[in-house]
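In: Sequence and computational prediction follow.
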Amino acid sequence: MNNKQNRRAQFRRYSDRRVTALLELHEILFYEPVGAARNMLLMNTINEDYQTDRVALVQTVSEKPSCVTVLSASEKWPVSGAGTLLEGEGIQRIVLTHQHFEGALTLSKFRSSSAFSISEWQSLWERDLGAPASALLSVPVFPRKLAPAFLWLVADSGSREWSSHDRDLSEEEALMMARVIQQGMLGISR
């Protein structure tokens, strides 16, 4: 694998970006040893492609509807990473919203959503994501017979508009993560 800086800007077509991103994730899954280092490498690769501030794979906690646990996170994730619980009314609203709508949710702090109350909205951006944030792409990951999970791409400062290509690619990556989780290939104990 190559370490390229600003790889995303080099692609003129979405199809080139898509193939490269998915191949990089496949290479990591098949050539790196299972464990926390590989999981972080997966998250860092996604983070680099989207040019976000941080990325995490989180899973719902059945006993606490307002809580998720971090399964894996990029090195820029502000809290301690895997195993960390994130909770708050904003997180609860994201989980509930995913139950009513298919596909990725694109949220921006600067454009409030009618699905959220004012307190849920403020809680989400100020505390719930582990640090203040300004944009979130939340993609459902539904491994069979396991608790729902989400791939979260977070921008911490400034506005971020998520393109339809961002949403489409993130949904493909989430499908890959679902397969990896259900086959026990992330090396995460549940």
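Out: The structure has been received and is ready for your questions. Numbering: from 1, shown residues only.
In: pLDDT below threshold where in the protein?
Out: Applying pLDDT under 70 to the chain picks out residues 1-11, 187-190.
In: let's see it at 80
Out: Across the chain, the stretches falling below the confidence threshold (pLDDT under 80) are 1-12, 65-66, 79-82, 143-145, 184-190.
In: Let's see the top strand by length along it as CSV, backbone CA atoms only.
Out: With DSSP state E setting the assignment, residue counts place strand 64-73 as the longest strand in the chain. Taking Å, rounded to 0.1, in the frame of the first residue of the first chain, the C-alpha atoms of strand 64-73 are listed here in CSV:
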residue,chain,number,x,y,z
LYS,A,64,-28.9,2.0,27.1
PRO,A,65,-30.7,3.5,24.1
SER,A,66,-28.8,6.8,24.5
CYS,A,67,-25.4,5.1,24.4
VAL,A,68,-23.0,3.7,21.8
THR,A,69,-19.6,2.0,22.3
VAL,A,70,-16.7,2.8,20.1
LEU,A,71,-15.5,-0.4,18.3
SER,A,72,-12.7,1.3,16.4
ALA,A,73,-11.6,4.8,15.8
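In: Partner strands of it and their direction?
Out: Under the criterion DSSP bridges, strand 64-73 sits next to strand 54-61 (antiparallel), strand 85-87 (antiparallel) in its sheet.
In: Residues in contact with that strand: which ones?
Out: 36, 39-40, 42-43, 54-61, 77, 79, 81-89, 91-92, 95-96, 149-150, 181, 186, 188 (C-beta atoms under 8 Å, 6 or more residues apart in numbering). The C-beta positions use only the backbone N, C-alpha and C, and glycine is treated the same way.
In: Tell me how far that strand lies from the chain's centre.
Out: 12 Å (C-alpha atoms, centre = their mean, to the nearest Å).
In: if we can go back for a sec, relative to residue 108, which of the strands paired with strand 64-73 is closest?
Out: Closest to residue 108 of the strands paired with strand 64-73, according to C-beta to C-beta: strand 54-61, at 16.0 Å.
In: And the closest one, how far out from the chain middle?
Out: Centroid separation for strand 54-61 versus its chain: 6 Å, with C-alpha atoms, centre = their mean.
In: Also stretch 135-154?
Out: Remark: stretch 135-154 is offset 6 Å from the chain centroid, using C-alpha atoms, centre = their mean.
In: cool, and stretch 112-130?
Out: Centroid separation between stretch 112-130 and its chain, computed with C-alpha atoms, centre = their mean, is 17 Å.
In: got a list of contacts for that stretch?
Out: Under the criterion C-beta under 8 Å, 6+ apart, residues 77-79, 84, 86-94, 97, 107, 109, 132-134, 136, 152, 154 lie in contact with stretch 112-130.
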